[in-house]
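> quick one: sequence and predicted model below, then my questions.
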Amino acid sequence: MRSLQATFYRNRWLFSRRIVQCLIIAAFAIELPAGGYFAQGNLSSSVWFGIGLTDPYIWLQSLFAGAPLGKAALIGVVIVAGFYLLLGGRIYCSWVCPINLVTDLSYWLRQKLNIKSNYTLSKNLRVAILVLSLLLSLLSGTLAWETINPITLFQRELMWGSVAGATVLASIFLFDIFVTRRGWCSHICPVGAFYSELGRVGRLRIKATQAGACHGCAECIKVCPEPHVLAPVVSKKAAYVTHGDCTRCGACLDQCSTGALAMSLSFKKPSAFKGIPVVSSD
Ligand code: SF4
Ligand code: SF4
């Protein structure tokens, strides 16, 4: 029992994320005994207890495609964008997006099989795909990314067993194992790129708890899906992770054995503590 508790504690952020991710999938997929679902639609556009929520990136594409500005959709966009703006956009990636289940599994397998291949891809690639998707939406009058968006295909695959969905998911899975570490999410997905921009000012942040608690083992950097965001904190050049790429996954917190890191919501300007200046890690 004690070892079970210890295992849970060592992976508390991972377990918490998995529970939230699975509950969100279940809300769309499992029919209630009285009929209906907790949530209708999909992660791009959904209705929860009568409240419509719209993914801001989808909305932006529809704007470029020339769709009329619906008031209900606009309210849904403001709610979703406000939430991610407040907390940090890529919290969507590690707590909501179902593809994260696939890419985390790929990463785990890659580690287990000790696969070292790491084809170099620029992080700017996903920003270029983001811009291209908006341009294509403008030219084609359609939601360009939505036709191949694996997040939507995942839900289709789950509900209707779509062949296209299975093929895309398998491709991402294999790509992340054999081609590049964290290849899809860190280098290709425009949704992640969008939320990274949206999350730049997010107030839920990873912070160094106190000067001296970190002994520089860098174990947190090894497990971080976006290691560059932690580097300034570990090297004591910054007290907070401020980069928009941080997914707030908490992997660094599960990994750190000295309690040198914490995640906290703060609306105050970050204050420096002895020995560590506050500088942006962007
Ligand atoms: S980068 Fe894209 S696919 Fe990966 S978790 Fe984020 S939204 Fe999902
Ligand atoms: S800094 Fe921590 S919370 Fe942010 S992405 Fe890296 S491991 Fe996750």
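Perfect, thanks for sending it. Ligands and ions are numbered 1, 2, ... in the order given.

> got a list of what the closest residue to ligand 1 within the stretch 51-200 of the chain touches?
Nearest to ligand 1 in the stretch 51-200 of the chain, going by CB to the nearest ligand atom, is G192, at a distance of 2.5 Å. In short, each C-beta sits where N, CA and C put it, glycine included. Residues near G192 by CB atoms under 8 Å, 6 or more residues apart in numbering: R90, C93, R126, C185, S186.

> then V168?
I148, P150, L153.

> follow-up on the earlier one: including pLDDT, distance to ligand 2 and neighbour count, could the contacts of G192 go into JSON lines?
Formatted as JSON lines, the contacts of G192 follow (pLDDT from 0 to 100; distance: CB to the nearest ligand atom, whole Å; neighbours: other CB atoms under 10 Å):
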{"residue": "R90", "pLDDT": "95", "distance to ligand 2": "7", "neighbour count": "31"}
{"residue": "C93", "pLDDT": "97", "distance to ligand 2": "9", "neighbour count": "26"}
{"residue": "R126", "pLDDT": "96", "distance to ligand 2": "16", "neighbour count": "22"}
{"residue": "C185", "pLDDT": "97", "distance to ligand 2": "11", "neighbour count": "28"}
{"residue": "S186", "pLDDT": "96", "distance to ligand 2": "10", "neighbour count": "25"}
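
> so which strand or helix has the spatially closest residue to P98 that is not a sequence neighbour?
Leaving aside its chain neighbours, P98 sits nearest to F154 (4.7 Å; criterion: CB to CB, 6 or more residues apart in numbering). Element membership of F154 [criterion: DSSP states H and E] is helix 150-160.

> after that helix, which helix or strand is next?
Downstream of helix 150-160, the first helix or strand assigned by DSSP H and E is helix 163-174.

> near ligand 1 at all, that next one?
No. Counting by CB under 6 Å from any ligand atom, ligand 1 has no neighbours in helix 163-174; the shortest distance is 7.8 Å.

> tally of neighbours for S266?
Per other CB atoms under 10 Å, the neighbour tally for S266 reads 12.

> ranges for the helices of this structure?
In the chain, the segments counted as helices under DSSP state H are 2-10, 12-29, 56-64, 71-87, 91-95, 99-112, 124-140, 150-160, 163-174, 183, 190-198, 219-223, 231-234, 251-255.

> comparing these, which yields the minimum mean pLDDT?
Lowest mean pLDDT within those: helix 150-160, a mean of 80.

> wait, the residue nearest to P98 touches L169, no?
Yes. Judged on CB atoms under 8 Å, F154 makes contact with L169 at a distance of 6.3 Å.

> so between those two, which is more surrounded?
F154 (24 against 19).

> grab the nearest non-local neighbour of C220.
Among residues not flanking C220 along the chain, C252 sits closest, at 3.7 Å (CB to CB, 6+ apart).

> I'd assumed A218 was in contact with the one you found.
No. Under the criterion of CB under 8 Å, C252 is not in contact with A218, lying 10.4 Å apart.

> what about these two, which has more around it?
Neighbour comparison, C252 and A218: the larger count goes to C252, with 27 against 14 (by other CB under 10 Å).

> could you check how far that one is from R110?
Note on C252: its distance to R110, by CB to CB, to the nearest Å, is 19 Å.

> what do F154 and L169 both touch?
Common neighbours of F154 and L169 (CB under 8 Å, 6+ apart) are I99, V102.

> how far away is the residue nearest to C220 from ligand 2?
Distance, C252 to ligand 2, using CB to the nearest ligand atom, to the nearest Å: 3 Å.

> for that residue, which residues are in contact?
I206, C220, I221, V223, C224, L230, L261.

> go ahead and confirm the second one touches T258.
Read it as C220. No. Using CB under 8 Å, C220 makes no contact with T258, being 10.2 Å away.

> between the two, who's got more neighbours?
Using other CB under 10 Å, the more surrounded residue of C220 and T258 is C220, with 22 against 12.

> got the contact list for N11?
Residues near N11 by CB under 8 Å, 6+ apart: D254.
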